[in-house]
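> model the structure of this input:
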Amino acid sequence: MNNLRYFILSFFYSMLCFSQESDSIAIYLKDACQQKNVNNAKVTLEGYKKKPIIAKYNSTKKYYYFENIPIEYNTIFVTHSDFETEGIQENNGFPKRINLQLNCKGNIRETRTKELVSSELRSGVSYAVYKTDTIFTGSVVVRDNYKVKISIKKSYNLSFNEVKRKIDSIVMPYGLEYIDNLVPDMFFAHFNGLMINSNSEKSFSTQSLDKTKSMSDLLLDQESILGSFNKYGDFVKDSPYSFWDYYYFQLLYRKKDKTAFRGDSDLLINEIEVNNKELILNLLYYDKFFIGGDYPLNISCKNLSKYDNQIMNYQFLKDYDNDSTRVLFMDEYFEHRPIFLAKHELDKIIDGEVVYVPAPHRDRSNFNYKLELSKNK
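Sure, this is the predicted structure:
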């Protein structure tokens, strides 16, 4: 009888342990530059307006973990003083193992996933083995966590003012506001990438925009800033209306309290998207530079940030009360000149050739547009 009782108790105990293990999630963190383990981060499980749950750390196997996932908790955030806030959002359940690469502050390495196929013999039978490998593309981008681009789907027949009024009515209850004092005063637009060029987003001076005309009217007007830019007026005019869906204004918004968003997995942005399917929300990104194969230095957080004084606009923040929601961090939207980190470190493409360009004095402005910053204060 005692043996039977012991067996039953052992069985239930093992089932309990199995249940806890089967519900657990392991999160492995690495430095995206040097591929070293990161073990001093804060990892939290969160849901919209839910109290965060802090992950435990397995010091032996070097991973963070949650023993179970409560209902309505759909996002895991990783925060660290030296890295960008990273997150993973899953509305249909997390995988048992999560591998996250932490990017340096202000420097996100773009990657792509490549599937590798090999064969393996098992008991004399050949099986295909599939593995994925993460490959660095060479591009480094900057994510602006203070500005979110908001658009309305299929809004080609609306003017800038009409789009703004509609977006305001939706997002203001969430604590967002239109950035009406952006430096410089620019507006953004999305175009059909196949017809314009590979970059489907552009920015223009707001001073040259007729805010009472619809996107479609502006495109068909060769005298307008958008019409003269696209150079496809006749084609657009004769195209089916489904073509217009790729053309829309992108307005920049911020939090009213001017705090930062928490990356692409931000809970507030996700909540707005879920409840308002007609909106498109994306944080603002800047193409910082491309790292060539002959770059002479190690790719590290320190080396990637050493060029900020030359190509970023952080130096202007002090002139605008250190308000990160106002100043655009980089001016590639105004005159795009791809910057390379190559043999001579800071290089540029001129007439199709990569040439060495001496770094400007640290206090020199790198703005390429004609507007004066003093006029935007």
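> helices of this structure, start to end?
Taking DSSP state H as the criterion, the chain carries its helices at 2-23, 160-171, 215-220, 225-230, 233-238, 267-275, 301-305, 308-311.
> how is the chain divided into domains?
19-102, 142-285, 287-376 (automatic domain parsing).
> leaving out chain neighbours, which residue sits closest to Q250?
Closest residue in space to Q250, ignoring its immediate chain neighbours: F188 at 3.8 Å, by Cβ to Cβ, 6 or more residues apart in numbering. Bear in mind the C-beta positions are built from the backbone N, C-alpha and C, glycine included.
> hmm, I typed the wrong one, I wanted Y57.
Using Cβ to Cβ, 6+ apart, the closest residue to Y57 is Y64 (5.4 Å).
> was I right about the one you found contacting L45?
No - Y64 is not in contact with L45 according to Cβ atoms under 8 Å; the separation is 10.0 Å.
> got the contact list for the residue nearest to Q250?
149, 201-203, 249-252, 333 (Cβ atoms under 8 Å, 6 or more residues apart in numbering).
> can you tell me the closest non-neighbouring residue to D185?
T206 (4.6 Å).
> neighbours around that neighbour, how many?
15 (other Cβ atoms under 10 Å).
> for the stretch 151-300 of the chain, which spans come out with low pLDDT?
192-199, 228-244 (pLDDT under 70).
> what are the bridge partners for the residue nearest to Q250, then?
S203, Q250 (DSSP bridges).
> measure the residue nearest to I170 when sequence neighbours are not counted to T259 for me?
Distances taken as Cβ to Cβ, 6+ apart place N276 nearest to I170, at 5.5 Å, with adjacent residues excluded. Using Cβ to Cβ, to the nearest Å, N276 is found at 21 Å from T259.
> thinking again about what came up before, closest to S59 out of the contacts of F188?
Nearest to S59 out of those is K149 (Cβ to Cβ; 41.3 Å).
> just list the residues touching the closest one, thanks.
188, 250-253, 280-284.
> tell me which of those residues fall in strands.
Members of the contacts of K149 lying in strands (criterion: DSSP state E): 188, 250-253, 280-284.
> next, format these as CSV and append distance to L158.
What follows is the ones in strands among the contacts of K149, written out as CSV (distance: Cβ to Cβ, whole Å):
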residue, distance to L158
F188, 15
Q250, 13
L251, 12
L252, 17
Y253, 17
I280, 14
L281, 17
N282, 19
L283, 23
L284, 22
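> can I have the buried ones of these as a ChimeraX selection?
Applying 16 or more other Cβ atoms under 10 Å to the ones in strands among the contacts of K149, the buried members can be selected in ChimeraX as follows:
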select :188,250,251,252,253,280,281,283,284
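> wait, which of the ones in strands among the contacts of K149 is closest to E86?
L283 (13.1 Å).
> what's the pLDDT at the closest residue to D308 other than its chain neighbours?
Nearest non-adjacent residue to D308, counting by Cβ to Cβ, 6+ apart: Y314, 6.1 Å away. Y314 carries a pLDDT value of 87.
> check the one 10 residues further on too.
pLDDT for S324: 96.
> residue contacts, the closest residue to it other than its chain neighbours?
For S324, ignoring the flanking residues on the chain, the nearest one in space by Cβ to Cβ, 6+ apart is Y146 at 4.5 Å. Residues in contact with Y146, defined by Cβ under 8 Å, 6+ apart, are 254, 258, 260-261, 324-325.
> present these as JSON lines; the columns should include distance to P70 and neighbour count.
Shown next, in JSON lines, are those (distance: Cβ to Cβ, whole Å; neighbours: other Cβ atoms under 10 Å):
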{"residue": "R254", "distance to P70": "31", "neighbour count": "22"}
{"residue": "K258", "distance to P70": "31", "neighbour count": "13"}
{"residue": "A260", "distance to P70": "26", "neighbour count": "16"}
{"residue": "F261", "distance to P70": "24", "neighbour count": "21"}
{"residue": "S324", "distance to P70": "34", "neighbour count": "17"}
{"residue": "T325", "distance to P70": "33", "neighbour count": "21"}
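> ok, of those residues, which one's closest to N40?
If you rank those by distance to N40 using Cβ to Cβ, A260 comes first, at 21.0 Å.
> for D347, see how far away the closest one is.
31 Å.
> one more: I27?
38 Å.
> with I311 instead?
12 Å.
> give me the common contacts of those two.
Joint contacts of I311 and D347 (Cβ under 8 Å, 6+ apart) are I339.
> so what's in contact with Y64 and L45 at the same time?
A55.
> quick one: which of these two has more around it?
Just comparing Y64 and L45: by other Cβ under 10 Å the higher neighbour count belongs to Y64, 24 against 21.
> residues contacting that one?
26-27, 29, 41, 43, 55-58 are the contacts of Y64 under Cβ under 8 Å, 6+ apart.
> out of the residues you listed, which is nearest to H80?
Distances from H80 to those, taken by Cβ to Cβ, are shortest for A41, at 4.3 Å.
> so the closest one makes contact with I76?
No - with contacts counted by Cβ under 8 Å, A41 stays clear of I76, the gap being 11.3 Å.
> what about the two, which has more around it?
I76 (25 against 22).
> distance check, that one against I311.
From I76 to I311 the distance is 32 Å (Cβ to Cβ).
> appreciated, that's everything.
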